[in-house]
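[1] Sequence below, structure please.
(chains A, B, C and D)
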2 protein chains.
Amino acid sequence: MDLNERKLKILQAIIHDFVTTAEPVGSRTLSKKYDLGVSPATIRNEMSDLEEMGYLTHPHTSAGRVPSQQAYRLYVNDLMNKYELPEEEKARIAEELYSNVRELDKTVEYAAKLLSNITNLTSFAMTPKQDQDVLRFINLLPVDERTIVLMIVSESGKVSNMALKLKNGYDEDSLALMSKNMTYTFKGKTISEALTLDIIDTVHSDVAAMNELRQSVMPSFMKTLEDMLNVNLYMDGLTNIFNIPEYNDIDRAKMFMELINKKEDFTKHLIQRDDGLLITIGTENNDESMADCSMITATYHVDGRLVGKLGVIGPTRMKYSEISSVIEFLTDNLSNAYQITGGDDDDD
Amino acid sequence: MDLNERKLKILQAIIHDFVTTAEPVGSRTLSKKYDLGVSPATIRNEMSDLEEMGYLTHPHTSAGRVPSQQAYRLYVNDLMNKYELPEEEKARIAEELYSNVRELDKTVEYAAKLLSNITNLTSFAMTPKQDQDVLRFINLLPVDERTIVLMIVSESGKVSNMALKLKNGYDEDSLALMSKNMTYTFKGKTISEALTLDIIDTVHSDVAAMNELRQSVMPSFMKTLEDMLNVNLYMDGLTNIFNIPEYNDIDRAKMFMELINKKEDFTKHLIQRDDGLLITIGTENNDESMADCSMITATYHVDGRLVGKLGVIGPTRMKYSEISSVIEFLTDNLSNAYQITGGDDDDD
DNA sequence: TGTTAGCACTCAATAAAAGAGAGTGCTAAC
DNA sequence: GTTAGCACTCTCTTTTATTGAGTGCTAACA
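    Numbering: from 1, shown residues only, chains lettered A, B, ... in the order given. The predicted structure is shown next:
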């Protein structure tokens, strides 16, 4: 028994119908709605074969057929024809996105909002991993007798800082020297690289005051670098799942919410995902609580180096083709937006 | 007909029972569970009176009685006896909170987490309004030919900054002079005050270069000040509502989630609330979507000046007494934690 | 040999009916 | 003023029928 042309056609029709209606598809419905050229009885036979091959399942004997995870995988790999967003839709999205370009974080947040509005699913967008961001400038600033501010500026324009209270005072010359030394040492290094450098030996000095200063500053410096590595995860459309028949059950809705609300776990999961457009279906997510969800994610690039991610999560029954296009379109635009304006602004 | 001793006793018993069981309370149950010294029939008569007076309602004829909003208000005002947290519980909470004191934002976030864990409700905690924070230090730093960083340090130790790309270059002397002028002008002013000062006339100079610099810097300065006013709202225990019988209905759960997810609106609502321990019940929330919710909030103080808020939201049927104590205890501890360590650290 | 009409059978979903149980409200007696 | 007794109400649960979508099998057909 092999997957001949007709079987594929029927399978595709079933998937299409189920994705739109969320109801198991029967042979009669299928023959009426789709021009398959054969009778319901024939379709029934083919469906029976498809079920045996693992592409369809049966909620119960007298119900129609439902595509299996295997069917969706086949569909995504081979059957799905690339969906091209209508030009006006593209224009609308781009317009909305560009007119909201301010700070990267805000734009990323807005992209997530747009995505959930368009797809009616739960969306998420992750700010870029900053590990490849390069340090440009480090400065220690006097504020008052005991207080100094450590400031780090990166090539992407991000500024991070931390106020420090010193046990003893400091003298301004040491501070300036220390700033110079640090900039000299770390400038041009990525944040990851900077973090691997041995703290003690990075900035040499024979002056006792300098040594003391160094011991106060370096731990904060390292901590600030680590903070710079943190990514933000924005989510939107969380309540969309309540409109999806699959989640009309309070327990499933709860499970979904709990999954989504563990932001840290979810972020880790996201970071580990492969880059590019990636569709994972059901158990492919390698996570029990996502066993009946699918995720579509794609990556965007800022500055040609920093990589962020964006995508949706929803029931396995989703419009893979349309949604993939939207996501790809959004990531392309996000990348472009930040190639044009560059990292020329940022905030705290 | 007046609210005599016995009526109050019965009402209190009904409230207690309903709050714990979530089931309408009948006269028989009441006489069995609580030592009221009268028969169910008498209780029935009193209940009938209480209903007439507006303290009880009837889901339907053959159901028990349910406290009305008016009853909860009476309870909260007059009947509720102050609940004292057990010492061990206090110790445990304090221990958990103090051992997690790092940055203010993190601590506030953690307080929300603790609160939802203890109460099994949805909790929220707002970082302090910074409008009374006083500016301490303003600096403009050269980064490269076209880039400078504007940095603002406040008395509470918060550092904010923004990278600026200038159309034309700048000269370092102007930069230093401008920094000095700005610090001179704004130092000691609260953020609110600084925002009301006329931008153009604040920093005078006759030098043309300075004027140009000022025109580039001032808008960013104002924007950064505005950003400093933003508060963060942390929420926790969002999925707790799924365990509450009142929200076992998918539509109500959805409404609640939508309410909670409009963070900006919710924050506004919070800011407008009175300070101190405040309990609002049902329609007292002045918000249709909260008409069957109650909120308990309290304020904490950082540095004796900055005021943040923290609280819970849940069904009107909640343990007002216990929850109020927990919230008060948390706000006290939060205030204390930041009187001791002071605002000596902060981050971006 | 593949296709199709026909038909019995299955099973969820809906509706209708019956029964149980909790609780009230009224009356009359204490 | 308090209470026992009892009829009545109304939800909730269980049971029973009914409907209808859909399958799977068989036998006939091209």
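
[2] Can you tell me which residues in the stretch 151-300 of chain A are near chain B?
    A:151, A:153, A:157-165, A:224, A:227, A:238-239, A:242, A:248-250, A:253-254, A:257-258, A:261 (Cβ under 8 Å from any Cβ of the partner chain). Where C-beta positions appear, they are placed from N, C-alpha and C, glycine not excepted.

[3] Inside helices: which ones of those residues?
    The members of these that map onto helices under DSSP state H are A:224, A:227, A:250, A:253, A:254, A:257, A:258, A:261.

[4] And the fourth one, how far from residue A:110?
    To residue A:110, residue A:253 is 26 Å away according to Cβ to Cβ, to the nearest Å.

[5] same deal with the second one?
    Using Cβ to Cβ, one gets 24 Å for the distance from residue A:227 to residue A:110.

[6] on that earlier part again, kindly reformat the ones in helices among the residues of the stretch 151-300 of chain A next to chain B as TSV containing pLDDT and neighbour count.
    Below are those laid out as TSV (pLDDT from 0 to 100; neighbours: other Cβ atoms under 10 Å in any protein chain shown):
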residue	pLDDT	neighbour count
A:224	91	19
A:227	88	15
A:250	88	14
A:253	92	22
A:254	92	17
A:257	94	22
A:258	94	13
A:261	92	16
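
[7] which two of these lie the greatest distance from each other?
    Using Cβ to Cβ, those reach their maximum pairwise distance at A:224 and A:250, which is 44.1 Å.

[8] three-state assignment of residue A:296?
    At residue A:296, secondary structure determined by DSSP: H, G, I helix; E, B strand; the rest coil is strand.

[9] Check the one 5 residues further on too.
    At residue A:301, secondary structure determined by three-state DSSP is strand.

[10] again with the one 10 residues further on
    For residue A:311, the secondary structure call by three-state DSSP comes out as strand.

[11] need the contact list for it.
    When contacts are counted by Cβ atoms under 8 Å, 6 or more residues apart in numbering or on different chains, residue A:311 touches A:115, A:123, A:124, A:125, A:270, A:295, A:296, A:297, A:298, A:327.

[12] give me that answer again for 6 Å
    By Cβ atoms under 6 Å, 6 or more residues apart in numbering or on different chains, the contact set of residue A:311 is A:295, A:296, A:297, A:327.

[13] So for the closest residue to it other than its chain neighbours, what pLDDT did the model give?
    Of all residues not flanking residue A:311 in the chain, residue A:297 sits nearest, at 3.2 Å (Cβ to Cβ, 6 or more residues apart in numbering or on different chains). For residue A:297, the pLDDT comes out at 98.

[14] thought residue A:297 was touching residue A:279?
    No. Taking contacts as Cβ atoms under 6 Å, residue A:297 lies outside contact range of residue A:279: 8.3 Å.

[15] could you dump stretch A:282-290 to PDB, C-alpha only?
    C-alpha atoms of stretch A:282-290 as PDB (Å, rounded to 0.1, in the frame of the first residue of the first chain):
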ATOM      1  CA  GLY A 282       3.200  17.900  18.900                       C
ATOM      2  CA  THR A 283       5.700  15.600  20.500                       C
ATOM      3  CA  GLU A 284       8.500  17.000  18.300                       C
ATOM      4  CA  ASN A 285       8.600  19.800  20.900                       C
ATOM      5  CA  ASN A 286      10.300  17.300  23.300                       C
ATOM      6  CA  ASP A 287       8.100  18.600  26.100                       C
ATOM      7  CA  GLU A 288       5.200  16.700  27.600                       C
ATOM      8  CA  SER A 289       3.200  19.800  28.200                       C
ATOM      9  CA  MET A 290       3.500  20.800  24.600                       C
END
